[in-house]
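> This is a predicted model, with the sequence first.
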Amino acid sequence: MIRSGTVSLPYYDPMTGVMGTWDLGAGTGLRSYVSPDIPLATWGGAPFSSPPNVVLSLAGIEATGGKVRVFLTPQNVQAEEFNIRVEVSDDCTLSSLLVTWLATDAV
């Protein structure tokens, strides 16, 4: 099974009203943000039978600062959902990201 999607960060989960703590728009040094749960089974589709492999790619960025360094990592991957961890460093200020994800059955 393959599932894919695109999510805008900071992510707002309309089911719970949770946005997460986006503090990447200010400060210096290493900072991170972990999104609320992002569902893998959209539009009533069946969940994976086990945690899938999730790949992330950067589709858009709104940032300022000297060196813009952004690191994306899938985190807490489960059969039904996962989170995206974003890390920035240096004096980069990050306003928003557009992230595309692809999930496939674990091999």
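Received the coordinates, thanks.
> just the strands in the chain please.
2-9, 31-34, 38-39, 53-64, 70-75, 81-88, 93-104 (DSSP state E).
> Using TSV, lay out these together with mean neighbour count and distance to residue 47.
In short, each C-beta sits where N, CA and C put it, glycine included. Formatted as TSV, those follow (neighbours: other CB atoms under 10 Å; distance: least, CB to CB, whole Å):
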stretch	mean neighbour count	distance to residue 47
strand 2-9	14	10
strand 31-34	16	21
strand 38-39	18	9
strand 53-64	14	13
strand 70-75	15	16
strand 81-88	20	9
strand 93-104	18	10
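> Next, format those as a markdown table and append mean pLDDT and distance to residue 22.
Converted to a markdown table, these look like this (pLDDT from 0 to 100; distance: least, CB to CB, whole Å):
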| stretch | mean pLDDT | distance to residue 22 |
| --- | --- | --- |
| strand 2-9 | 88 | 8 |
| strand 31-34 | 88 | 6 |
| strand 38-39 | 90 | 15 |
| strand 53-64 | 92 | 12 |
| strand 70-75 | 94 | 13 |
| strand 81-88 | 92 | 9 |
| strand 93-104 | 90 | 9 |
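> got a list of what the most centrally placed residue in the chain touches?
Among the residues of the chain, the one closest to the centroid is residue 84, at 3.0 Å (CA atoms, centre = their mean). By CB atoms under 8 Å, 6 or more residues apart in numbering, the contact list for residue 84 reads 7, 9, 11, 34-35, 38, 56, 72-75, 99, 101.
> show me what contacts the nearest residue to residue 90 once chain neighbours are set aside?
Leaving aside its sequence neighbours, residue 90 sits nearest to residue 67 (CB to CB, 6 or more residues apart in numbering; 5.1 Å). Counting by CB under 8 Å, 6+ apart, residue 67 makes contact with 89-92.
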